[in-house]
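no sequence on this one, just coordinates:
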Ligand code: GLU
């Protein structure tokens, strides 16, 4: 298995590398615009404990919206089904920061993986606690699932996004006007901007996502980190909603639950098999890593990983 799997990773890396530099690095968060567009890494963490990597797989990058998977996990565990009072579970078919549906749908965002839905989820996760307590919980969970205490929040990225956060503030105020938020907008966004600024490498991220491939179990101890029911549901939401208005295309091409971030990372889950993290900062029009998607498509086809077979 080892050599075969390393071959799949290496081949996917070589295949996608020729497109490096295509796509556009996110520039609306100024700190992200500084990142070298030629960076490219891939890491696969298998359910049997093996790791396989290629390229810049050990270099931390800004996980951005991939953090929404982890805050959804925590919120679902903390609140159970009452979370769905605040946010839905339908694909939006709209861009990541769209406000249009909020107006026609009473301020309830379509799903927890678009910006509005993630802000509503973070609001519920706060649950009358402080910003610092909530952020510590998120960071601790990311460190625990990555089995690595060096996972950190990049303060420069957090400040950079907070400085340019008019769009996310608008989404939050709009939801607040519909009475769909329980805490002050600036409290929620103080958590949201920091969760998006968590920095992880592909290796750390693949390890951190492994519990979602293992029915919610911690890969080392086999302890149930989250319930298997929640695990299935998070994977379903990732498959249907993980790439904004590119979610159908990603499901068609890759066939796995996934979540993109505008930092150029993607986390994909192959239930029962493992987790894959890719990073390449050039994005397609929907804000998903262009080279990362190509690598995932190639890898999943070669390894035969798909939720549809
Ligand atoms: N922090 C970004 C934002 O809120 C996340 C978007 C993304 O990664 O897709 O705009």
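Arrived safely. All values reported here derive from a predicted model rather than from experimental measurement. Residues are numbered from 1 along each chain as shown.

around the ligand, pick out the residues from the chain.
Within reach of the ligand by CB under 6 Å from any ligand atom, the chain has these residues: 64, 65, 96, 97, 115, 161, 168, 196, 261, 262, 287. Every C-beta, even on glycine, is put in place using the N, C-alpha and C of the backbone.

ok, now with 5 Å
For the chain, the contact set with the ligand under CB under 5 Å from any ligand atom comprises 64, 65, 96, 115, 196, 261, 262, 287.

of all those, which two lie farthest apart?
196 and 287 (12.7 Å; CB to CB).

ok, those two, which is more surrounded?
Taking residue 196 and residue 287 together and counting by other CB atoms under 10 Å, residue 196 has the greater number of neighbours (29 against 22).

residue 79 reaches residue 124, doesn't it?
Yes - contact status for residue 79 versus residue 124: in contact at 5.7 Å, counting by CB atoms under 8 Å.

with neighbour numbers in mind, choose between these two.
When residue 79 is set against residue 124 and neighbours are counted by other CB under 10 Å, the residue ahead is residue 124, at 23 against 16.

please state the offset of the strand or helix carrying the more buried one from the chain centre?
Assigned by DSSP states H and E, residue 124 falls within helix 115-126. How far helix 115-126 lies from its chain's middle: 14 Å, per CA atoms, centre = their mean, to the nearest Å.

again, but for stretch 74-94
On the basis of CA atoms, centre = their mean, the separation between the geometric centre of stretch 74-94 and that of its chain is 15 Å.

now do the same end-to-end measure for that stretch.
From the first residue to the last, stretch 74-94 extends over 25 Å; the measure is CA to CA, to the nearest Å.

contact partners for the residue lying closest to residue 77 once chain neighbours are set aside?
Computed as CB to CB, 6 or more residues apart in numbering, the closest residue to residue 77 that is not its neighbour in sequence is residue 226, at 5.3 Å. Residue 226 sits next to 73, 76, 77, 211, 216, 234 when contact means CB atoms under 8 Å, 6 or more residues apart in numbering.

next secondary structure element downstream of the helix or strand harbouring the last one?
Going back to what we said before, that points to residue 234. Using DSSP H and E, residue 234 sits within helix 228-241. Sequence order places helix 247-253 as the next helix or strand after helix 228-241, per DSSP H and E.

nearest the geometric middle of this structure, what residue?
Nearest to the geometric centre of the chain sits residue 66, at 1.5 Å (CA atoms, centre = their mean).

which ones are touching it?
By CB under 8 Å, 6+ apart, residue 66 lies in contact with 205, 259, 260, 261, 265, 266, 267.

so the first one is in which element?
Read it as residue 205. Residue 205 is located in helix 202-213, with elements delineated by DSSP H and E.

and for the last one?
Taking DSSP H and E as the definition, one finds residue 267 inside strand 265-270.

relative to the ligand, which of the contacts of residue 66 is nearest.
Lowest distance from the ligand to these (CB to the nearest ligand atom) belongs to residue 261, with 3.9 Å.

re earlier: need the worst-confidence member of the residues of the chain next to the ligand.
Least confident of the residues of the chain next to the ligand in the model: residue 96, at 86.

give me the neighbour count for it.
24.

just the buried positions in stretch 159-172, please.
Neighbour counts over stretch 159-172 (16 or more other CB atoms under 10 Å) mark 160, 161, 162, 165, 168, 171, 172 as buried.
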